[in-house]
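[1] need a 3D model of the following:
(2 chains)
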2 protein chains.
Amino acid sequence: MSDRPAIEIYSIGTELLNGQIQDTNSFWMAQQTAALGGYVRRIAILDDDMDELTGVLKDACQRGTRVVITTGGLGPTPDDMTVEAIAKIMGVDTEVDETLVERYMESRGIEKRADVSEGLIKMATKPKGSVAHPNPAGVAPCVESQVGETTIYSLPGPPREVEALFRQSVEDALAGIYDDVRLSLRVAVNLPESQCGPILHSVMSQYPNTYLKAFVALRERTADGQRLPVDIVVWGKKAEEAQALLDKALAEFKAQAFEKGSEVEIRDEG
Amino acid sequence: MSDRPAIEIYSIGTELLNGQIQDTNSFWMAQQTAALGGYVRRIAILDDDMDELTGVLKDACQRGTRVVITTGGLGPTPDDMTVEAIAKIMGVDTEVDETLVERYMESRGIEKRADVSEGLIKMATKPKGSVAHPNPAGVAPCVESQVGETTIYSLPGPPREVEALFRQSVEDALAGIYDDVRLSLRVAVNLPESQCGPILHSVMSQYPNTYLKAFVALRERTADGQRLPVDIVVWGKKAEEAQALLDKALAEFKAQAFEKGSEVEIRDEG
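    Sure, this is the predicted structure:
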């Protein structure tokens, strides 16, 4: 899978590192990305710290990551520094998006530009040359920035806003990069992990664009041994190609499991 | 907080990146670490890829991280490569821990060393010079390795095993590094985030070892405005010192909120 364009996801906020709030945005976006046929190479949670942010995001761009998605750090307070960090790695200043300011004034009935609060102005600020996509579910926009070959989409932190902005401003772009179809199937075998593992690897190495994984924690004990769930995931350019690959991977998996004495039960189509 | 010894947490496994399984271990360990007064600087989810693992873990050691905790990648199959990756960055070979092999033979009633499966041998393998702490809830041990000033604790992936091994082999070490007491208090104010934010920052900059965070997503609308929850977290060398600091931070927060027209409700002691 590693020659496919890579996506990296960064959640920004000290509260996610000190156990106050669980980061659920990254997992949700990883699921959406997988469903689009995309490849997430790395997920990380970062501190509200300028050196940390610029260092990590710069590295992500330098290793040729195709899309970086950040959540958090777009609010009105001084510890919200995502925009400034991205401007730094782009080597540009920031600028106020006056179209956004006008939207804020309209939606809040503010008559004069001078009456717009500092916090609102900060949330209308973007790196020079970046695009701000208005937020249908909140205030801070999705900021789209280009750093070399990398497109960075910066979303606010609240999950409801992440979902709305991902759907509105990110999803189509990801689908366009991959235009792959992903299919998955859960099966179960009566084999211990130690015997199942080599089969998974054999299938993956025979068929590129497949990923097989056993879920030991979900194993069920049965009268005749155990049922170990295994996901078979495949990617293909078209639905038929993906289906054909899934059929082949399943057939090979069945043949090898049978040699070791196990039938393969079909559990669930993902 | 940034001059305190730093902990970094890495969850290893492709299934965590492609949306099949949510990483809950990192959040759980972040909470445990915070409760011990510890400072988590970064959390990341990494692919089962040797270059990715060695690159990221080497960087973590080189920036002087005091403790790195990894979960996952300790099983019997070829995509489990945590031990090999750590041996590489230590510049040593791996070795089989014969004491662990004996434990496996005893617990499974295996008579001859030659009958121990390849998978079990792999799970008894560690970098030369590392310590393997037997797993009370599973098979793969907690492997403790030293890379320069950094101690790496490598735990298996299943949450039940992570919990058992963290309690057994990691918790005391972290408590020993920090010997700090952490106290937290949740309050609520009748202020919008834009007015509350500057107060939080003012308190944090006046009182080192405090961390204040407003939770906009948990805001409640009320007849007279809103209730915005705010956590006040403090660290101190002893319980009384931490309590005194919490009292001061709360008093300062109350005074500044009062100036802006809001009372401060006490919600919950963490």
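
[2] which regions of chain A sit below the pLDDT cut-off?
    Along chain A, the parts satisfying pLDDT under 70 run over A:1-3, A:269-270.

[3] starting at the chain centroid, how far to the strand ranked longest in it?
    If you go by DSSP state E, chain A has its longest strand at strand A:225-236. Taking CA atoms, centre = their mean, to the nearest Å, one finds strand A:225-236 lying 22 Å from the centre of the chain it belongs to.

[4] wait, does it make contact with chain B?
    Yes - against chain B, strand A:225-236 shows contacts by CB under 8 Å from any CB of the partner chain at A:Asp231, A:Val233. The way it works is simple: take the backbone N, C-alpha and C, and place the C-beta from them, glycine included.

[5] which helices and strands does the next helix or strand after that strand pack with?
    Sequence order places helix A:239-259 as the next helix or strand after strand A:225-236, per DSSP states H and E. If contacts are counted by 3 or more CB pairs under 8 Å, 6 or more residues apart in numbering or on different chains; DSSP states H and E, helix A:239-259 sits against strand A:181-189, helix A:193-206, strand A:210-214, strand A:225-236, strand A:264-269.

[6] quick check: which of the ones you listed is buried the most?
    Each of the helices and strands packed on helix A:239-259 was scored by mean neighbour count; the highest is strand A:210-214, a mean of 23, by mean count of other CB atoms under 10 Å in any protein chain shown.

[7] hmm, the helix or strand just after it touching chain B?
    Scanning forward in sequence from strand A:210-214 by DSSP H and E, the next helix or strand is strand A:220-222. No - Strand A:220-222 stays clear of chain B (CB under 8 Å from any CB), getting no nearer than 14.8 Å.

[8] and strand A:220-222, which residues are buried?
    Neighbour counts using 16 or more other CB atoms under 10 Å in any protein chain shown place no residue of strand A:220-222 among the buried ones.

[9] what strands line up against that strand, and which way round?
    strand A:225-236 (antiparallel) (DSSP bridges).

[10] angle of the partner strand against helix A:239-259?
    Angle of strand A:225-236 versus helix A:239-259, following axes from the mean of the first three to the mean of the last three CA atoms, to 10 degrees, is 150 degrees.

[11] now do strand A:225-236 and helix A:193-206, the angle between them.
    Using the same axes, to 10 degrees: strand A:225-236 against helix A:193-206 is 20 degrees.

[12] so what's A:Thr71 up against?
    Contact analysis of A:Thr71 by CB atoms under 8 Å, 6 or more residues apart in numbering or on different chains lists A:Ile9, A:Tyr10, A:Ser11, A:Ile12, A:Asn25, A:Ser26, A:Met29, A:Ser154, A:Leu155, A:Pro156, A:Gly157, A:Val162.

[13] ditto for A:Asp47
    A:Asp47 makes contacts with A:Ile12, A:Thr14, A:Leu17, B:Ser2, B:Arg41, B:Arg42, as judged by CB under 8 Å, 6+ apart.

[14] of the residues you listed, keep whichever come out buried.
    Listed as buried from these are A:Ile12, A:Thr14, A:Leu17, B:Arg41, B:Arg42; burial here means 16+ other CB under 10 Å.

[15] just after the helix or strand harbouring A:Val83, pick out the following helix or strand.
    Using DSSP H and E, A:Val83 falls within helix A:82-90. Toward the C-terminus, helix A:82-90 is succeeded by strand A:94-96 as the next helix or strand (DSSP H and E).

[16] in that next one, what counts as buried?
    For strand A:94-96, by 16+ other CB under 10 Å, it's A:Thr94.

[17] any buried residues in the helix or strand following that strand, and which?
    Using DSSP H and E, the helix or strand that directly follows strand A:94-96 along the chain is helix A:98-108. Residues A:Leu100, A:Val101, A:Arg103, A:Tyr104, A:Met105 are the ones in helix A:98-108 that count as buried (16+ other CB under 10 Å).

[18] do I have it right that the second one meets A:Val116?
    What that stands for is A:Val101. Yes - in this structure A:Val101 lies within contact range of A:Val116 using CB atoms under 8 Å: 6.0 Å.

[19] just give the closest residue to A:Gln32, not the sequence neighbours.
    A:Phe166 (6.4 Å; CB to CB, 6 or more residues apart in numbering or on different chains).

[20] so how far is chain B from that neighbour?
    Distance, A:Phe166 to chain B, by CB to the nearest CB, to the nearest Å: 13 Å.

[21] repeat that for A:Val234.
    Separation of A:Val234 from chain B (CB to the nearest CB) stands at 12 Å.

[22] hey, what's A:Val143 bridged with?
    According to DSSP bridges, beta-bridge pairing links A:Val143 with A:Ala132, A:Ser154.

[23] return the member of the buried residues of helix A:98-108 nearest to chain B.
    Using CB to the nearest CB, A:Tyr104 is the member of the buried residues of helix A:98-108 that sits closest to chain B, with 11.7 Å.
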